[in-house]
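got a sequence here, can you build the structure:
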Amino acid sequence: MAYPILHAADRDPARHAQCALAVMAKAPRPGNVKTRLAPPLTLDQAAALNICFLKDTSENIAQVSEPGTAAGLVCYTPAGDEALFAGILPAGFALIPQRGGGFGERLSAAATDMLACGFGAVCLIDSDSPTVPAAAYQQAVAELMRPGDRIVLGRSEDGGYYLIGLKQAHAELFTNIHWSTSSVYDETVAAAAAAALDVMDLPLWYDVDDQAALTLLSDELLRGVAPPFATLPGYPAPHSKEFLRAWRDSQPYVAR
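The predicted model follows:
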């Protein structure tokens with residue numbers, strides 16, 4: 001399946017009533033994605049799990065988007081690897097290329113470009129949190145579509161965030177942030193306060209970017225053990241669940 005590719009010049013006023021729910025993603029090539037999960041996974045397995053994450057997150061978003069107030073996108077890198085997303089995303093999704101150098105610059109550019117396309121609001125969503133409750137995405141859309149400027153943040157258990165939502169391209173939210181550290185959320189909240197922006201918090205959740213988080217995900221999906229900080233049931237993430245079940249069954253038995 002081929003997906004339409006949007007660019008900042010592709011403005012459509014009809015999108016103003018929609019919030020773009022955009023997954024920030026790398027093309028799923030082995031050795032380029034989820035490398036911190038190898039080991040215990042191989043690089044090929046890590047890429048396969050990344051595809052499962054993309055499928056689960058995009059299907060979750062697609063359900064939220066059905067009423068017409070939101071649209072599902074993947075903001076991808078590198079340009080030229082669009083074909084690697086074929087068959088992964090639901091019908092109705094679109095692609096939009098990332099641009100910029102550092103991570104903060106790419107986030108800022110993504111928000112700028114999607115707002116330039118005509119969307120009334122934008123949520124930038126990580127590709128590492130396949131079980132985010134659907135209610136969190138619904139809450140983000142509802143909050144951003146109300147009158148008045150604000151940001152929405154979904155804090156991750158490691159101190160980062162799994163979602164940031166904006167109605168305007170506030171570049172200061174992505175400047176002088178110590179990315180990939182436990183202070184990202186706090187620094188972003190401080191930047192919002194300096195810009196006199198209200199912050200609306202979503203439920204706390206988690207990223208799956210190391211072995212400890214992979215265990216947390218396995219417990220949630222295979223054993224039905226909710227994360228200790230969860231206040232809402234997580235998305236069932238069927239593709240990730242099936243991968244983890246098959247991977248678990250292929251491992252040698254270890255007595256506990």
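
any stretches of the stretch 151-256 of the chain with poor pLDDT?
For the stretch 151-256 of the chain, applying pLDDT under 70 flags the ranges 252-256.

ranges for the helices of it?
Secondary structure of the stretch 151-256 of the chain (DSSP state H, counting those that start in this stretch): helices at 184-194, 211-222, 238-250.

what's the angle from the longest one to helix 211-222?
What it means is helix 238-250. Angle between the axes of helix 238-250 and helix 211-222 is 100 degrees (criterion: axes from the mean of the first three to the mean of the last three CA atoms, to 10 degrees).

next SSE downstream of the lengthiest helix in the chain?
Taking residue count as the measure and DSSP state H as the definition, the longest helix of the chain comes out as helix 43-65. Past helix 43-65, heading to the C-terminal end, the next element that is a helix or strand (DSSP states H and E) is strand 70-77.

give me the average confidence score over that following strand.
Per-residue pLDDT values over strand 70-77 give a mean of 97.

what's the answer for stretch 104-115, then?
97.

so what touches that stretch?
By CB atoms under 8 Å, 6 or more residues apart in numbering, the surrounding residues in contact with stretch 104-115 are 6-8, 20, 22, 24, 73, 75, 77, 96, 98-100, 122, 124, 164, 166, 168-171, 173-175, 177, 179. (Glycine included, C-beta is placed from N, CA and C.)

sort out for me which of those are in strands.
Secondary structure assignment by DSSP state E places 20, 22, 24, 73, 75, 77, 96, 122, 124, 164, 166 of these in strands.

so what's the third one up against?
By that I understand Met24. Contacts of Met24 by CB under 8 Å, 6+ apart are 75, 98, 106-107, 110, 124-127.

of those residues, just say which sits nearest to Pro147.
Leu124 (21.7 Å; CB to CB).

quick one: contacts for Phe93?
For Phe93, the residues meeting the contact criterion (CB under 8 Å, 6+ apart) are 3, 58, 62, 72-74.

most neighbours of all the residues you listed, which one?
Among the contacts of Phe93, the one with the most neighbours (other CB atoms under 10 Å) is Leu73, at 30 neighbours.

ok, and the closest non-adjacent residue to that one?
In space, Leu73 comes closest to Ala22 once its chain neighbours are excluded; the distance is 4.2 Å by CB to CB, 6 or more residues apart in numbering.

ok, now which ones touch the one you found?
With contacts taken as CB under 8 Å, 6+ apart, Ala22 has the following neighbours: 72-75, 96, 110, 114, 122-125.
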